[in-house]
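Peer 1: Give me a 3D structure for the following:
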Amino acid sequence: MGIFESQKYNILIISILAIVSLLFRINFASFDIPILLDGLEYYSFGYEVAFSHSYPVGILGTNDGWSLFLSSFFMLFNNTDFMTLNFVQRSLSISLSVITVIPVYYLCRQFVSERFAVIGAVFFIFDPRIISNSTLGIIEPLFIFLNVLVLVTIFKNNSKFIYLSFLLIALSSIVRYEGLLMIIPVAIFYFLRFRFNQKIIRNFFIGLIIFLIILSPIVVLRTSANGMDGLSSHIFPSAYISQELDKKLDSESISGRMYDNFILDFSVKSVFNTLKYLGWVSIPLFILFLPIAAYRIFQNKNDTINYLLL
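Peer 2: Residues are numbered from 1 along each chain as shown. Down below sits the predicted model:
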């Protein structure tokens, strides 16, 4: 089988997988039940943008990218019926989750053969938690889609793909502020891979300018509406720690030792909970393959794997 025939065959398989996974999600979703909890906040924000044509105050302080995305589709439907717009919201999150299988496949291709890349795509698109989450009309399907695209672009051999990487990181940061952290590994990866020279540095700063141009309007809108940018105000721990201290203790009674104990406790719990929840979400599919993968990674070390770990 030639290269092109093999690629066509794999594309056909991916397309069939996407259709089957779409049917799984449609069957699992409860379209007759209103969207609840966080999904309702995203709905409310998108509804206000779509039909009042103004940036809402007091609904979301950050992570409004999904709602802004929703608002454009709400305006297209020009229908203010609650359940109709709920259907649109759920359908969009399901669709984004399904099409993520395409960049997941191409990301897997960077590390394994085409056959195993298809298997990797299967593990992703049929993961029970991914399926369940995609039916809730919430933020993660768009966030995952954008960040998988970031990973695909940074493994391209052309240094100018950094422009697209920074564009996607900016969009991801608007969807969830944690996306901002991707700048660190992407920057390290970029300079390690392409080395320092005038062209590489220029491309990096052009990408950074694109990143800032995309984020600037949303920062201005958030600051005007809620008094915070929803990025630096959330990504750095000092603000969160101050809020937690205020909840637990009267500000005048906080001693230096109590503050240090809180910081230590906060840091330990952060590391412990990260490992704990990583283990939980690996069940049932990934827990079987993580030990094998770890063994193969350390057995066959190469720069590409090191970049992925970073």
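
Peer 1: For this structure, which residue occupies the most central location?
Peer 2: Taking CA atoms, centre = their mean, the centroid of the chain lies closest to residue 143, which sits 2.8 Å from it.

Peer 1: since we're on residue 211, how many residues are nearby?
Peer 2: A count of neighbours around residue 211, defined by other CB atoms under 10 Å, yields 22. (Each C-beta comes from the backbone N, C-alpha and C, glycine too.)

Peer 1: Contacts only, for it.
Peer 2: By CB atoms under 8 Å, 6 or more residues apart in numbering, residue 211 lies in contact with 166, 167, 169, 170, 183.

Peer 1: gap between residue 279 and residue 214?
Peer 2: In this view, residue 279 and residue 214 are 35 Å apart by CB to CB, to the nearest Å.

Peer 1: Look at those two and report which has more neighbours.
Peer 2: residue 214 (17 against 12).

Peer 1: and that one, what helix or strand is that in?
Peer 2: In this assignment (DSSP states H and E), residue 214 forms part of helix 198-226.

Peer 1: Return the distance of that helix from the chain's centre.
Peer 2: Its chain's C-alpha centre and that of helix 198-226 lie 18 Å apart, by CA atoms, centre = their mean, to the nearest Å.

Peer 1: Tell me the first helix or strand C-terminal of it.
Peer 2: Helix 198-226 is succeeded, C-terminally, by helix 232-235 (DSSP H and E).

Peer 1: Residue 59 is in contact with residue 44, correct?
Peer 2: Yes - counting by CB atoms under 8 Å, residue 44 does reach residue 59; the two are 5.5 Å apart.

Peer 1: Looking at the two, which is more packed in?
Peer 2: residue 59 (19 against 14).

Peer 1: one step back: which residues touch the residue nearest to the centre of the chain?
Peer 2: 66, 172, 175, 176, 179.

Peer 1: excluding its backbone neighbours, what's nearest residue 94?
Peer 2: residue 25 (4.7 Å; CB to CB, 6 or more residues apart in numbering).

Peer 1: what helix or strand does residue 25 sit in?
Peer 2: Here residue 25 is assigned to helix 3-28, by DSSP H and E.

Peer 1: Just the buried residues of that helix, please?
Peer 2: By neighbour count on 16 or more other CB atoms under 10 Å, the buried set for helix 3-28 is 10, 13, 14, 17, 18, 21, 22, 24, 25.

Peer 1: Same question for stretch 277-291.
Peer 2: residue 285.

Peer 1: could you give the angle of the helix or strand hosting residue 96 to helix 3-28?
Peer 2: Using DSSP H and E, residue 96 sits in helix 82-99. Helix 82-99 runs at 150 degrees relative to helix 3-28, counting by axes from the mean of the first three to the mean of the last three CA atoms, to 10 degrees.

Peer 1: Tell me the helices and strands packed up against helix 82-99.
Peer 2: For helix 82-99, the elements it packs on are helix 3-28, helix 38-52, helix 65-77, helix 128-134, helix 140-154, judged by 3 or more CB pairs under 8 Å, 6 or more residues apart in numbering; DSSP states H and E.

Peer 1: Let's see that with 6 Å instead.
Peer 2: helix 3-28, helix 65-77, helix 128-134, helix 140-154 (3 or more CB pairs under 6 Å, 6 or more residues apart in numbering; DSSP states H and E).

Peer 1: what pLDDT, on average, does the helix or strand that that helix is followed by get?
Peer 2: The C-terminal neighbour of helix 82-99 among helices and strands, as given by DSSP H and E, is helix 101-108. The average pLDDT within helix 101-108 is 91.

Peer 1: before we move on, what about stretch 217-231?
Peer 2: 84.

Peer 1: Okay, buried residues for that stretch please.
Peer 2: Judged by neighbour count (16+ other CB under 10 Å), stretch 217-231 contains these buried residues: 218, 219, 221, 222, 225, 226, 229, 230, 231.

Peer 1: Determine which two of those are furthest apart.
Peer 2: 225 and 231 (14.1 Å; CB to CB).
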